[in-house]
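*Asks:* need a structure here:
(2 chains)
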Amino acid sequence: MSEAALLEVGGLDAGYGPVGVLRGVDLSVAAGTIVALVGSNGAGKSTLLRTVSGLLRPSAGTIAFAGEAIAGARPHRIIDLGLLHVAEGRRLFRRQDVHSNLELGLYGTRLDRGEEKRRYDFVYDLFPMLAERPAALAGILSGGQQQMLAIAQALMRQPRLVMLDEPSLGLAPIVVDQVMAVLQRLRAGGTTILLVEQMVEQALDIADRAYVMQNGTMIGSGTPAEIRAGDLIRRAYLGAVSDRPVP
Amino acid sequence: MDPDLLVGALTAGSLYALVAMGFNILYRPTNVFNFAQGDLVMLGAMVGATVITVLGLPWFVGAGLAMLAVAALALLEEKVAVAPVLNRSATGHGWVITTLAVSMILANLVGLGWGPDPIAVKPPWPLSTETFELLGANVSSYQIAVVVVTVALVLGVEAFYATRAGKAVLAVAEDRDAALLRGINPNRLSSWSFFLGGGIAALTGVLAAPVLYASTGLGPSLLLKGFAAAAVGGIGNNRGALIAGYVIGLAEAIAATVLSPGYQLAATFAVMLAILLVRPHGLFGRAEARTV
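*Replies:* Below is the predicted model of the structure:
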């Protein structure tokens, strides 16, 4: 475990009603890094993010963010600590325009006008295509623009850690590259990122560390080089065919 | 067409639009259609009429007390009959039964407390229900005031939805989980919306009293016509409700003269069905909006 862990999850059990999804999940995200979380559909990646952000209550285990215990806390309290979740499927407010979506990213904050303007300038600089059409309804934007807007909305709070759930889903390869470039820029600015991705190669390319999930448990972690060298990915996506090391 | 008819249609249509706006205010953050809305309007009229006519206090005191009392009652309804149902399942339909129950309880309690006799209410000074001639129609200053107040209220409420808090209400309406993830507390916005919707309902009742008399029968009739205005205007759309209120008011007035006053309610629903047949989400509704 890293000594400078910003997010620390230990022995986490969670699920939907009586159906358990996560079993004994451990995860540690060091400040200032990009951590990739990969695994096949149904492995429990989204459930883990939903539990960390307070949408689901864990049935057991601990979650600590910046030294505070947040397991079972209400979402708005977790957000106030600087932990933001960009949910899967570009969950924007599609009937409101770009600027209003960004404004809702500031909901509940009390900032002076100058600081608010700096926040808008920051995200408009990061995503120039949003600056071009602030009055466009979010619902008519392209998939890539919607994903950028969803990320920008979370960034309005200047989070310490952003959790992104499959930002590349349904996007053209060139747009995926743009999103990955933005994530690297954010890390350079000091933002910590937990990235859930199906596009394993792209995620490993930019990550400092990666975790692999399967059937609601963590089956391993390591640096991208270690993950590439081992057979965790093959096991996670194809099932545990054999316990013998790959020749 | 008789110009007097147009005046009556505009006055009645304003009241229908206000009832519809009360529906919409509660509907936006909760997706709940409050079946007790007509009874909240009726209770507002009864409380206002009692304070003004029976106790003889000034009109504004009556209106204020009625709004406060009914807003508090609507808040109680939210806590007891709506929030527990939504917390169990945000997309369930248990609220159909619970808000209907609130409607029945209110109607019966008010019936016990006030009795069946309607109470006449005088409009606030300097307004009067005495008519004078304006552009060939017989108009009272109170009728003009009702229309002006209605339009101002609709514009005022719509201006609220352009603020950050208002946008948050619209966000909750669209995606409750996504709103939670941006720090918006849907339960708090629901409570406030019920409080505001209750206040608007009471004001509608107090405004209706000089025209329609305050009586326990006010609830069901305004519930139906308000619902028609909300549906025709597009559920959740207050500007739509305003236009739709006038459309229904006119349809009623025309049916009353061309056919007979007995066909007023039939005309309301004929217009509603015809418009919904062509535009299933109402005149100004969006295709994504959920209908009841």
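*Asks:* just the helices in chain A please.
*Replies:* A:45-52, A:75-80, A:98-104, A:113-126, A:128-132, A:143-155, A:173-188, A:200-206, A:224-229, A:232-238 (DSSP state H).
*Asks:* now render these as TSV, adding mean pLDDT.
*Replies:* Below are the helices of chain A laid out as TSV (pLDDT from 0 to 100):
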stretch	mean pLDDT
helix A:45-52	94
helix A:75-80	94
helix A:98-104	95
helix A:113-126	95
helix A:128-132	92
helix A:143-155	94
helix A:173-188	94
helix A:200-206	92
helix A:224-229	91
helix A:232-238	79
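*Asks:* most packed of those helices?
*Replies:* helix A:45-52 (a mean of 24; mean count of other C-beta atoms under 10 Å in any protein chain shown). Heads up, the C-betas are built off the backbone N, CA and C, glycines and all.
*Asks:* that one packs against which elements?
*Replies:* Judged by 3 or more C-beta pairs under 8 Å, 6 or more residues apart in numbering or on different chains; DSSP states H and E, the packing partners of helix A:45-52 are strand A:5-16, strand A:19-30, strand A:34-38, strand A:60-65, strand A:83-86, strand A:161-165, strand A:192-196.
*Asks:* near chain B at all, the fifth one?
*Replies:* Yes - legend: contact between strand A:83-86 and chain B by C-beta under 8 Å from any C-beta of the partner chain is shown at A:84-85.
*Asks:* which residues in the stretch 1-150 of chain B form helices?
*Replies:* B:3-30, B:37-49, B:59-77, B:83-88, B:95-114, B:141-160 (DSSP state H, counting those that start in this stretch).
*Asks:* what sits closest to the closest residue to chain B within chain A if chain neighbours are left out?
*Replies:* Chain A approaches chain B most closely through residue A:91 (3.8 Å), counting by C-beta to the nearest C-beta. Excluding the flanking residues, the one nearest residue A:91 by C-beta to C-beta, 6 or more residues apart in numbering or on different chains is residue B:178, at 3.8 Å.
*Asks:* may I see the buried residues of the strand or helix carrying the one you found?
*Replies:* Residue B:178 is part of helix B:176-180 when elements are defined by DSSP states H and E. Applying a neighbour-count criterion of 16 or more other C-beta atoms under 10 Å in any protein chain shown, one finds B:176, B:178-180 buried in helix B:176-180.
*Asks:* what do you get for stretch B:193-209?
*Replies:* B:193-209.
*Asks:* circling back: which of the helices of chain A sits closest to residue B:51?
*Replies:* Closest to residue B:51 of these is helix A:75-80 (C-beta to C-beta; 40.0 Å).
*Asks:* off-centre distance for that closest one?
*Replies:* Centre-to-centre, helix A:75-80 and its host chain are 15 Å apart (C-alpha atoms, centre = their mean, to the nearest Å).
*Asks:* which residues touch that helix?
*Replies:* For helix A:75-80, contacts defined as C-beta atoms under 8 Å, 6 or more residues apart in numbering or on different chains pick out A:52-55, A:65, A:70, A:108, A:157, B:180-185.
*Asks:* let me know the closest of those residues to residue B:134.
*Replies:* Closest to residue B:134, out of all of these and judged by C-beta to C-beta, is residue B:184, at 47.5 Å.
*Asks:* one step back: for the buried residues of helix B:176-180, which one is nearest residue B:231?
*Replies:* Nearest to residue B:231 among the buried residues of helix B:176-180, with distances taken as C-beta to C-beta, is residue B:176, at 23.3 Å.
*Asks:* which ones are touching the closest one?
*Replies:* B:90, B:186.
*Asks:* which residues does the residue of the stretch 101-250 of chain B found nearest chain A contact?
*Replies:* Here the stretch 101-250 of chain B gets closest to chain A at one residue, residue B:178, 3.8 Å apart by C-beta to the nearest C-beta. For residue B:178, the contact set (C-beta under 8 Å, 6+ apart) comprises A:87, A:91-93, B:171.
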